[in-house]
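K.L.:
A predicted structure for the sequence below; I have some questions about it.
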Number of protein chains: 2
Amino acid sequence: MKNVHMSLEGGHTLALECLLANGCDDLNATAIADRMIQAEGDLCHSHGLFRLPWYASGVKSGRANGKARPKVEQLAPAVIRVDGDGGFAPLGQEVGHQPLVDCARKNGIAALAFVNMFHIAAMWPEVEKLAMDGLCALACTASYPYVAPAGGIKALYGTNPIGFAWPRPDGPPLVFDQASSSMARGEIQIAARDGHDVPETAGIGPDGEATTDPNVVLAGAQLGFGGYKGASLAMMVELLAGPLIGEFLSVEALEDDGGAGGPPKGGELMLALDPTRFGDADGFLARGEKLFTEILAQDGTRLPGARRFVHREKTGASGFEIPESLHETILGLM
Amino acid sequence: MKNVHMSLEGGHTLALECLLANGCDDLNATAIADRMIQAEGDLCHSHGLFRLPWYASGVKSGRANGKARPKVEQLAPAVIRVDGDGGFAPLGQEVGHQPLVDCARKNGIAALAFVNMFHIAAMWPEVEKLAMDGLCALACTASYPYVAPAGGIKALYGTNPIGFAWPRPDGPPLVFDQASSSMARGEIQIAARDGHDVPETAGIGPDGEATTDPNVVLAGAQLGFGGYKGASLAMMVELLAGPLIGEFLSVEALEDDGGAGGPPKGGELMLALDPTRFGDADGFLARGEKLFTEILAQDGTRLPGARRFVHREKTGASGFEIPESLHETILGLM
């Protein structure tokens, strides 16, 4: 498989032009391209330009609003809602960031419910950004039915990631963003594209039988990580990012798509906690560092997210690569 | 192995008398016995009388305060702290419940930080109680270093459970309370006591090698469920129930114990969300039920916590059993 090399700036321009050509206005296209290239810069390809055709077709078909103007509403003293106006998540997340920071600082903890938007992006950018502002952050979102419930064989839950970030005194925060499924959907799609096997823990076929073929998993159901416990987390995320905030379950998002194959519409819940309001304003950072020092004192360990930060240091100069086939697909959309 | 049968009332009296004989006052002993027998009533033995010798020795040694008077403090508009006064968790949890409910209803979301208490109980009773009051609840707590970080072999994290509850319109809420480790500590201890093997995913020996011997795991390190993802959750729980609220990491709790072998002292973080304040007050219950209906429509599935509720229906009349050896140990403590 041949790759095409590009700079971050070049990738950003490519994404921007593709989104503009397919019906996004400048505000929305810029927010989406920023997020996508942030992912490529961290070499997190499954949330980079790989997603661009999906975004572009979502706007072109008229399903997603490429000219969205998200609105911020205060639902309760510590609860904010951002209505995404039917657009993609990145702009809504930009708009919601500062109100959530202010609300968390005022109350000690605050929740932000994102509704009425297409939310196929990774969540680490938004939790990382909150932690850069000194907050501890949690986020979760549902998608389409990809994961079987514990004991079942039919896909019902999204891969339903949980994102978490914790501020650090020097350098970037501690961040993870992990699917409740054994593998991320994008990883299985990439394995299918590239002809690689997936582990047996990744999922089951339509008949419920074990398989290592990513195409059979994509036709069947993914499994929660660690079995029933991952499935419990996926169920929790369905409730928090769906019924709690008046948004779709993953099965409802698929019904709403009506077979168009576009990105899932739905919700995301974010929680921000201000550690200076929990009783140890002077000590919490050092206590966190003590834990990280203990982790890294053991051979073979690393902190979640650390690899992304290492990549980020380099890609500004070195750029990144995408498969030639993806590059051609993107050019064909413009 | 012979068992001793007893009624819930009989078990409660046994726990109460043992705790009183070892230095608890009536208020503290009653709160602890209530929790312990609630666990036995749900046939959740690893949090029942099995823990009584540990509680009793903790009080008798003077390490835990058997006459604690927990104090409630408001740290921020949506953040409450309960100082457990060095006692066991159940009384502090009783004292903190209503203030957390009131604070969540007022602000839409609220956090409760439990500090300065011994917190070895399961967390499903407190999240279940919040959901009985119509709230969605999350809880987490650390303990002693039992679980290795991802890639490491030395125990660093507690088993660090996450509890979750969601209100239901008819009958008991949806509740789960699951360790971030592959197995609960109590389950491995019981396997060791009863001479059973544990799965290879449960943990590793002191040398980092795979094993199915529970005693080797107890001497080595447990593993996160699903590998590194469970370990990430365990790390998140360390931060939320430790540094965030000014409480011990699991390693610090062990240092504090100083080799006495008593229960771990530390913190617990609870979050309560009022779903009527998140924008779909009229719909959230029915939307949740839609998800549960979809889950149960598949063969082989059940809702987390459902077995406990089935047991609870029966044990009021049928009672429960504990091993004769445990019964003798308890009698020997009085």
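P.N.:
Sure, I can see it.

K.L.:
now look at stretch A:74-94 and say if it contacts chain B.
P.N.:
Yes - using CB under 8 Å from any CB of the partner chain, stretch A:74-94 comes into contact with chain B via A:75, A:76, A:77, A:78, A:79, A:81. (Each C-beta comes from the backbone N, C-alpha and C, glycine too.)

K.L.:
ok, the first one touching residue A:113?
P.N.:
Looking back up the chat, that one is residue A:75. Yes - the criterion here is CB atoms under 8 Å, and residue A:75 meets it with residue A:113 at 7.4 Å.

K.L.:
what is in contact with those two at once?
P.N.:
A:81, B:278, B:279 (CB atoms under 8 Å, 6 or more residues apart in numbering or on different chains).

K.L.:
and the pLDDT for the last one?
P.N.:
The score at residue B:279 is 96. That number is its pLDDT.

K.L.:
ok, now which ones touch it?
P.N.:
Contacts of residue B:279 by CB under 8 Å, 6+ apart are A:75, A:81, A:113, A:115, A:245, A:246.

K.L.:
what residues of the helix or strand of chain A with the lowest mean pLDDT count as buried?
P.N.:
When each helix and strand of chain A is scored by mean pLDDT, DSSP states H and E, helix A:185-194 comes last, with a mean of 90. Of the residues in helix A:185-194, A:185, A:186, A:187, A:188, A:189, A:190, A:191, A:192 count as buried by neighbour count, 16 or more other CB atoms under 10 Å in any protein chain shown.

K.L.:
tell me the one of those residues nearest chain B?
P.N.:
Proximity of the buried residues of helix A:185-194 to chain B (CB to the nearest CB) peaks at residue A:187, which lies at 13.1 Å.

K.L.:
need the strands for the stretch 201-334 of chain A, in chain order.
P.N.:
A:203-204, A:221-222, A:265-273, A:320-323 (DSSP state E, counting those that start in this stretch).

K.L.:
for the ones you listed, which one sits closest to chain B?
P.N.:
Comparison of the strands of the stretch 201-334 of chain A against chain B by CB to the nearest CB identifies strand A:265-273 as nearest, at 6.7 Å.

K.L.:
average pLDDT for that closest one?
P.N.:
95.

K.L.:
how about the helices in the stretch 101-250 of chain A?
P.N.:
Remark: helices assigned in the stretch 101-250 of chain A by DSSP state H, counting those that start in this stretch are A:124-132, A:185-194, A:214-219, A:228-241, A:250-257.

K.L.:
what about residue A:259, how many residues close to it?
P.N.:
By other CB atoms under 10 Å in any protein chain shown, 7 other residues sit near residue A:259.

K.L.:
any idea which residue sits dead centre in chain A?
P.N.:
Taking CA atoms, centre = their mean, the centroid of chain A lies closest to residue A:122, which sits 1.7 Å from it.

K.L.:
next, that one: phi, psi?
P.N.:
phi -70, psi 160 (degrees, to the nearest 10).

K.L.:
just give the closest residue to it, not the sequence neighbours.
P.N.:
Closest residue to residue A:122 apart from its sequence neighbours, by CB to CB, 6 or more residues apart in numbering or on different chains: residue A:47 at 4.1 Å.

K.L.:
how far away is the one you found from residue A:24?
P.N.:
18 Å (CB to CB, to the nearest Å).

K.L.:
rewinding a little: and residue A:75 and residue A:113? which has more neighbours close in?
P.N.:
The neighbour comparison of residue A:75 against residue A:113 (other CB under 10 Å) goes to residue A:113, with 26 against 18.

K.L.:
look up the closest residue to the more buried one, ignoring the ones flanking it.
P.N.:
residue A:245 (3.8 Å).

K.L.:
dump the residue contacts of the one you found.
P.N.:
Counted by CB under 8 Å, 6+ apart, residue A:245 has contacts A:81, A:113, A:114, A:115, A:267, A:269, B:278, B:279, B:280.

K.L.:
which residues does the second one bridge with?
P.N.:
Here residue A:113 sits in beta bridges with residue A:81, residue A:269, as judged by DSSP bridges.
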